[in-house]
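Chemist: need a 3D model of the sequence below.
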Amino acid sequence: MRIFLTIALSALLAASPVAHALPDELEVRLGEINKPGQLGFDVMANYTVSGPRKSADDGLRSSFHLLQISPTLSYGMTEDTQVGFQLFSSLGAHGEARVDGGRIEFLALPVRPEDDDDDGLFFGGLLGVGHLPATLSNNHLDAEIKMILGYRAGRWTFATNPDVGVKISGKGSAEPDFSVKFKVAYRVDHRYSIGVEHYGDLGRLRHIDPPNQHSQQTFAVVDLKAEGMEFNVGIGRGLNDFSERWAVKTIVSFPFGK
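Modeler: Modelled structure (predicted):
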């Protein structure tokens, strides 16, 4: 944990002269981590069916009718830490494919139950540094610092991921941006659960704006386990004019190396 805090503080200091909003992937991180020496492989995908009514005029690439795919390879370092590499790619409405960027992530989870399905508190953090796709940032290099906090009690899971995005190099603003994710899930049986996930941007860290001035997206989700694989499938609805009106997303976790 001390290593994570040191790296995170260094990233903030290095990025303090300049910063930019850093919207994140459509995933709420829970208290799950690879075992030491274990590999994990996830593929995240999302597609915007209907775009926002109003443009934020931030110079970012539109995600409307854009299929975005982000494979991630992770490796367990110790009982409490893992590293990962996430690749960003996309497929446009006319079939144009491109590799949009990538980033390295360091995850630390010093507090969590013995098993992923056990009751109890989980707490940790994530540091990510890399080049984001043009739908998220126009910078050369961005960083994010994310808290992972949640509690599992019986069939219920509650989790939140407060997130600070900062710019390391590029044209963005000098102020860090703040966003928050929430998840509430109910386990129907050992195979699947249903729940709600919310993704909300709140603007500059030093001056939090009202939620209706930034993107606010709420997803109805189902989490499934089958044949050793895990699936997260969701349909999202934007809550204001600056949000994508309808979007779909999937996350597939393969039993690679497990």
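Chemist: drop to CA atoms for contacts and neighbour counts, all remaining ones
Modeler: OK.
Chemist: which residue sits farthest out from the middle of this structure?
Modeler: Using Cα atoms, centre = their mean, the residue of the chain lying farthest from its centre is residue 94. It sits 27.0 Å away.
Chemist: quick one: that residue from residue 63, how far?
Modeler: Separation of residue 94 from residue 63 (Cα to Cα, to the nearest Å) stands at 13 Å.
Chemist: kindly report the same for residue 209.
Modeler: 23 Å.
Chemist: which one's more surrounded, those two?
Modeler: Between residue 209 and residue 63, residue 63 has the larger neighbour count (other Cα atoms under 10 Å), namely 22 against 14.
Chemist: for the closest residue to residue 81 other than its chain neighbours, give its distance to residue 27.
Modeler: What sits nearest to residue 81 in space, not counting adjacent residues and going by Cα to Cα, 6 or more residues apart in numbering, is residue 108, at 4.4 Å. The gap separating residue 108 from residue 27 is 17 Å, by Cα to Cα.
Chemist: quick one, which of those two is more surrounded?
Modeler: residue 108 (26 against 18).
Chemist: tell me which helix or strand that one sits in.
Modeler: strand 97-111 (DSSP states H and E).
Chemist: show me what counts as buried in that strand.
Modeler: Residues 100-109 are the ones in strand 97-111 that count as buried (16 or more other Cα atoms under 10 Å).
Chemist: name the surrounding residues that touch it.
Modeler: Residues outside strand 97-111 that contact it (Cα atoms under 8 Å, 6 or more residues apart in numbering): 1, 4, 31, 33, 80-91, 121-134.
Chemist: just the ones of the residues you listed in strands?
Modeler: Using DSSP state E, 81-91, 121-131 are the members of these that sit in strands.
Chemist: dump the residue contacts of the residue nearest to residue 160 when sequence neighbours are not counted.
Modeler: What sits nearest to residue 160 in space, not counting adjacent residues and going by Cα to Cα, 6+ apart, is residue 182, at 4.4 Å. Counting by Cα under 8 Å, 6+ apart, residue 182 makes contact with 28, 158-161, 197-199.
Chemist: what's the pLDDT at residue 182?
Modeler: You'll see residue 182 listed with a pLDDT of 96.
Chemist: residue 170: what's it in contact with?
Modeler: Contacts of residue 170 (Cα under 8 Å, 6+ apart): 138-141.
Chemist: how about residue 244?
Modeler: Residue 244 sits next to 48, 50-53, 215, 217, 237-238 when contact means Cα under 8 Å, 6+ apart.
Chemist: do that again at 10 Å, thanks
Modeler: 48-54, 63-64, 215-217, 236-238 (Cα atoms under 10 Å, 6 or more residues apart in numbering).
Chemist: likewise residue 90?
Modeler: Contacts of residue 90 (Cα under 10 Å, 6+ apart): 45-47, 63, 66-70, 96-100, 133.
Chemist: lowest-confidence member of these, which is it?
Modeler: residue 63 (85).
Chemist: thought that residue was touching residue 246?
Modeler: No - the pair residue 63 / residue 246 is not scored as a contact, 11.4 Å apart, by Cα atoms under 10 Å.
Chemist: between those two, which contacts overlap?
Modeler: Shared contacts of residue 63 and residue 246, defined by Cα under 10 Å, 6+ apart, comprise 47-52.
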